[in-house]
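**Q** Here you go, sequence then predicted model.
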Amino acid sequence: MRILILGGSWFVGRAVVAEGVRRGWEVTLFNRGRSANPPPGVRLIRGDWERPEELVELPTRGPWDVVLDAAGAVPALVRNTARALASSVERYVFMSTISAYRDWPHQPVDESSPLWDGDPDLDPGTRRWDPDAYGPLKVGCELAIRREFADSTLFIRPHVILGPGEYVGRLPWWLRRISRGGRVLAPAPSDRSIQPVDVRDVAAFALDLVEQKATGAYNVAAPIGRETYGGMLHACKQATGSTTEFVWVEESWLAERGVLEWTEIPIWRTLPTAWAMNADKARAAGLVCRPLHETVADTWQWMQAGGAPVDHERFAEHGLSPQRETELLKEWTISR
């Protein structure tokens, strides 16, 4: 299998590269070559899809059986890339997101749920992270790809992705915080269902679908009800060998004090529907999600071995400051 990966040096893309190499595929990367060197045996084409002249050159370096876009988030750039590759690639695979669904996190979602309105020709004029624009931009990318490749398209829409190499900082923050020990503020209830998926499982499933010549859209998430928030935090405690004491604080109390869901307390959402992504279609196609405790342990091992994520502005968004956590714990204790 000849696969062209757009990006490939960050979190999801890097996992796809590793999985492709493991399968013995002929792997080619197209990126700027700024983040990391490719593994041995992987071909690198240095280029920037912001430069039209470099996109014109790219198809002459093929052909490929499939292109997997692990980096696209600007519809106009994805449009230009898909258009350039239409004559040298048979199929286009795009890493989308649960945020593409208009009703998430307020309603459960499956592949038939309505998407945001997206513009396949939009360039927002900025490359800065914008959580409100992210979903509509990803939908715009999907529309741009479908316009160029018609039914030869495959869209992967994962829930929260965790694992070694994570650059967003959700699980790494929890691991670092719990490793420090002491009393740790945790949002109750501890048995809240969550659905993070390991980055390596996302990569393996995407390439399984490529082998199956699958098309359409697939949600990717852990089974509803299998993993819990408390289980994740206790896995962090076990992995780090910490003597941490968790203080489970009522989420309504936290919300009243303006504690930010998703960022100040990573992976915390008060809406139970935030963790109601139906991935039955993916499981029927062979998706296997490893237990969350394995993801936690492997991420800590990666961090302890000197693993560092690529630098990204989203990393700084996550986690309570020590002072803020201390103040909240003190106020909660007094109120009890």
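**A** Received, thanks. Residues are numbered from 1 along each chain as shown.
**Q** for the stretch 51-200 of the chain, what are the low-confidence residue spans?
**A** For the stretch 51-200 of the chain, applying pLDDT under 70 flags no range at all.
**Q** how about the strands of it, start to end?
**A** 64-69, 89-95, 153-158, 161-162, 183-188, 193-194, 197-198 (DSSP state E, counting those that start in this stretch).
**Q** Output the ones you listed as CSV; include the columns distance to V296 and mean neighbour count.
**A** In this view, the C-beta of every residue, glycine as well, is placed from N, C-alpha and C. Output for these, formatted as CSV (distance: least, C-beta to C-beta, whole Å; neighbours: other C-beta atoms under 10 Å):
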stretch, distance to V296, mean neighbour count
strand 64-69, 27, 23
strand 89-95, 23, 23
strand 153-158, 18, 23
strand 161-162, 8, 26
strand 183-188, 15, 19
strand 193-194, 12, 20
strand 197-198, 10, 26
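**Q** Arrange the ones you listed in JSON lines, one row each, with distance to L328 as further columns.
**A** Converted to JSON lines, the strands of the stretch 51-200 of the chain look like this (distance: least, C-beta to C-beta, whole Å):
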{"stretch": "strand 64-69", "distance to L328": "41"}
{"stretch": "strand 89-95", "distance to L328": "36"}
{"stretch": "strand 153-158", "distance to L328": "31"}
{"stretch": "strand 161-162", "distance to L328": "25"}
{"stretch": "strand 183-188", "distance to L328": "6"}
{"stretch": "strand 193-194", "distance to L328": "22"}
{"stretch": "strand 197-198", "distance to L328": "30"}
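**Q** Out of those, which is closest to W262?
**A** strand 183-188 (11.1 Å; C-beta to C-beta).
**Q** And that closest one, what does it pack against?
**A** helix 229-240, strand 245-250, helix 251-256, helix 322-335 (3 or more C-beta pairs under 8 Å, 6 or more residues apart in numbering; DSSP states H and E).
**Q** Now the last one: buried residues?
**A** Translated: helix 322-335. Buried positions in helix 322-335, judged by neighbour count with 16 or more other C-beta atoms under 10 Å: 325, 328-329, 332.
**Q** quick revisit: so for V42, which of the helices and strands packed on strand 183-188 sits nearest?
**A** Among the helices and strands packed on strand 183-188, helix 229-240 sits nearest to V42 (C-beta to C-beta), with 30.3 Å.
**Q** What ranges does the stretch 1-150 of the chain have for its helices?
**A** Here the stretch 1-150 of the chain has its helices, by DSSP state H, counting those that start in this stretch, at 11-22, 52-57, 75-85, 131-149.
**Q** Identify all contacting residues around stretch 318-330.
**A** Applying C-beta atoms under 8 Å, 6 or more residues apart in numbering, the contact partners of stretch 318-330 are 168-170, 173, 177, 183-185, 247, 249, 254, 257, 259, 263-266.
**Q** mind running it again at 6 Å?
**A** 169-170, 173, 183, 185, 247, 263-264, 266 (C-beta atoms under 6 Å, 6 or more residues apart in numbering).
**Q** Tell me the gap between it and the middle of its chain.
**A** Counting by C-alpha atoms, centre = their mean, to the nearest Å, stretch 318-330 is centred 26 Å from the centre of its parent chain.
**Q** Same check on stretch 210-224?
**A** 14 Å.
**Q** pLDDT averaged over that stretch, what's the number?
**A** In this model, stretch 210-224 has a mean pLDDT of 97.
**Q** Can you get me the start-to-end distance on it?
**A** 25 Å (C-alpha to C-alpha, to the nearest Å).
**Q** Give me the buried stretch members for it, please.
**A** 210, 214-215, 217-222, 224.
**Q** got it, and stretch 107-120?
**A** For stretch 107-120, using 16+ other C-beta under 10 Å, the buried residues are 108-109, 111, 113, 115-116, 118-120.
**Q** Stretch 140-155 too?
**A** Buried, per 16+ other C-beta under 10 Å, within stretch 140-155: 140-146, 148-149, 152-155.
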